[in-house]
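> turn this into a model:
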Amino acid sequence: MRTGYIFTSSDFYDIVDDPVQVSRILRQLVQEGKIRKVSKGRFDRPKQTMFGALAPSEDWMLQEFLMNGKTIIGYISGTQAFALLGLTTQISGNYTIGSNRYRRSVRRGMVSIRFVLQPNTLTRENIPLLQILDAIRFIREIPACTPAEACTILRQQIQNKDSASLRQLATLALKYTPYVRAIVGAMLDETDTDTTSLYRSLNIASTYRIGLTPDVLPNCKKWRIV
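This is a model prediction of the structure:
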């Protein structure tokens, strides 16, 4: 295996029948210094330099929380995702990952990884939509971007989606908090998407104080967003 690649014992099951034997050999290789234990059940063959072994790359470290074999178990959220959406130019050295199950924050070397609970099923197709919904969820926390600025950018991106994606966005939003549903509903009202389910899911007595005005979000009054 090339240096820097993070692997697990399951990577060897197609050539070795006995998992116990695989685990024993991996432990032995760690003791001999030929491979390094990165986290529980994960190893790498570190790249050596004149200054010593390099730390595992961040990309490989994140894979532990994004994929389990061929199954998607997480996706990049937070500042990195918001930068990809054009909402901020400030990139944090730490990561936020959306996941279907609650997890405590962890550290991998100098990198801190926190998790946000995502109640929707994760698929390769819906992750870009979930990142938009997460941006709306954290619209008041995006670095160097006001809620009004974020709303303007996200409205444009939503309006550029095809009708099938917009219907899926409305469905995914139903599992988010009320103010996210309200903002998404107001944005989708500008398209031909049916927002009835989103509107009915809200408490008619509730008001959502986000700091958005009709010139930024035309239908905000209907959705009781201020």
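> out of the helices and strands in the protein, which is least certain?
strand 52-53 (a mean of 66; mean pLDDT, DSSP states H and E).
> count residues in the vicinity of the closest residue to Ser10 other than its chain neighbours, would you?
Taking CB to CB, 6 or more residues apart in numbering, and ignoring the residues beside it in sequence, Ser10 has Gly69 as its nearest neighbour in space, at 7.5 Å. Bear in mind the C-beta positions are built from the backbone N, C-alpha and C, glycine included. Gly69 has 7 neighbours, counted by other CB atoms under 10 Å.
> one more: Asn126?
19.
> ok, it - contacts?
Asn120, Gln168, Leu172 (CB atoms under 8 Å, 6 or more residues apart in numbering).
> contact partners for the first one?
Taking CB under 8 Å, 6+ apart, we find Asn120 in contact with Asn126, Leu130, Leu172, Lys175.
> from Glu149, how far off is the second one?
So that's Leu130. 21 Å (CB to CB, to the nearest Å).
> those two - which one has more neighbours?
Leu130 (22 against 15).
> isn't the more buried one right next to Tyr75, touching?
Yes: counting by CB atoms under 8 Å, Leu130 touches Tyr75, with 6.5 Å between them.
> need the residues touching each of those two.
Joint contacts of Leu130 and Tyr75 (CB under 8 Å, 6+ apart) are Gly98, Gln118, Leu122.
> who wins on neighbours among those?
Among the shared contacts of Leu130 and Tyr75, Gly98 has the most neighbours (other CB under 10 Å), with 25 neighbours.
> isn't there a strand covering that one?
Yes: the assignment for Gly98 is a strand, going by DSSP: H, G, I helix; E, B strand; the rest coil.
> what's near enough to touch it?
Gly74, Tyr75, Ile76, Ser77, Phe115, Val116, Leu117, Gln118, Leu122, Leu130, Asp134.
> at 6 Å what do you get?
Tyr75, Ser77, Val116, Gln118 (CB atoms under 6 Å, 6 or more residues apart in numbering).
> in the chain, which spans are helices?
Applying DSSP state H to the chain gives helices spanning 19-31, 58-66, 78-84, 127-137, 147-159, 163-173, 178-188, 196-200.
> just name the most buried of those helices.
With neighbours defined as mean count of other CB atoms under 10 Å, the helices of the chain peak in mean count at helix 178-188, which reaches a mean of 24.
> could you say what helices and strands that one packs with?
When contacts are defined as 3 or more CB pairs under 6 Å, 6 or more residues apart in numbering; DSSP states H and E, helix 178-188 packs onto helix 127-137, helix 163-173, helix 196-200.
> now the angle from that helix to helix 127-137?
If you take axes from the mean of the first three to the mean of the last three CA atoms, to 10 degrees, helix 178-188 sits at 120 degrees to helix 127-137.
> make JSON lines out of the contacts of Asn126 and add pLDDT and distance to Gly33.
What follows is the contacts of Asn126, written out as JSON lines (pLDDT from 0 to 100; distance: CB to CB, whole Å):
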{"residue": "Asn120", "pLDDT": "98", "distance to Gly33": "44"}
{"residue": "Gln168", "pLDDT": "98", "distance to Gly33": "50"}
{"residue": "Leu172", "pLDDT": "98", "distance to Gly33": "47"}
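> related to what we said a few turns ago, turn the contacts of Gly98 into CSV, columns for pLDDT and distance to Gly33.
Listed next are the contacts of Gly98 as CSV, based on pLDDT from 0 to 100; distance: CB to CB, whole Å:
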residue, pLDDT, distance to Gly33
Tyr75, 96, 35
Ser77, 96, 37
Val116, 96, 37
Gln118, 97, 39
